[in-house]
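[1] Provided below for reference: sequence and predicted model.
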Amino acid sequence: MLKVTLDLSCNVCGSDQFMLPTLADDVQDVRCADCAAFKCKSDDLERAMSAVHQKVPARPGL
């Protein structure tokens, strides 16, 4: 599991720190790093992030 800060908040405690599963993890749940509340499945998070990335116009020079 990797502890990361996301532009999301936990519905239970309000934290923006989440535990993301790695490929070696059997369970693919994204959970709050502070209270362990379930947020979503890693595949769902990946799809949502990809959709947002496709909608954001590219900035010149990046």
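    Cool, the structure landed. Residues are numbered from 1 along each chain as shown.
[2] To what extent is Cys17 buried, counted in neighbours?
    If you look again at residue 17, you'll see it is Gln, not Cys. 15 (other Cβ atoms under 10 Å). Using the backbone N, CA and C atoms, a C-beta is placed for each residue, glycine as well.
[3] Test my guess that it contacts Val30.
    No. Counting by Cβ atoms under 8 Å, Val30 is not a contact partner of Gln17; they are 11.3 Å apart.
[4] overlap in contacts of those two?
    The contact sets of Gln17 and Val30 do not overlap (Cβ atoms under 8 Å, 6 or more residues apart in numbering).
[5] Can you tell me what sits against stretch 15-35?
    Identification of contacts with stretch 15-35 by Cβ under 8 Å, 6+ apart yields 1-10, 12-13, 36-43, 45.
[6] how does it look with 6 Å?
    Identification of contacts with stretch 15-35 by Cβ atoms under 6 Å, 6 or more residues apart in numbering yields 1-6, 9-10, 12-13, 38-42, 45.
[7] chain center to that stretch, what's the gap?
    Distance of stretch 15-35 from the chain centroid (Cα atoms, centre = their mean, to the nearest Å) equals 8 Å.
[8] Kindly list the main-chain dihedrals of Lys41?
    In terms of degrees, to the nearest 10, the main-chain angles of Lys41 are phi -90, psi 150.
[9] beta partners of it?
    Beta-bridge partners for Lys41, by DSSP bridges, are Asp29.
[10] tally of neighbours for it?
    If you count neighbours by other Cβ under 10 Å, Lys41 ends up with 14.
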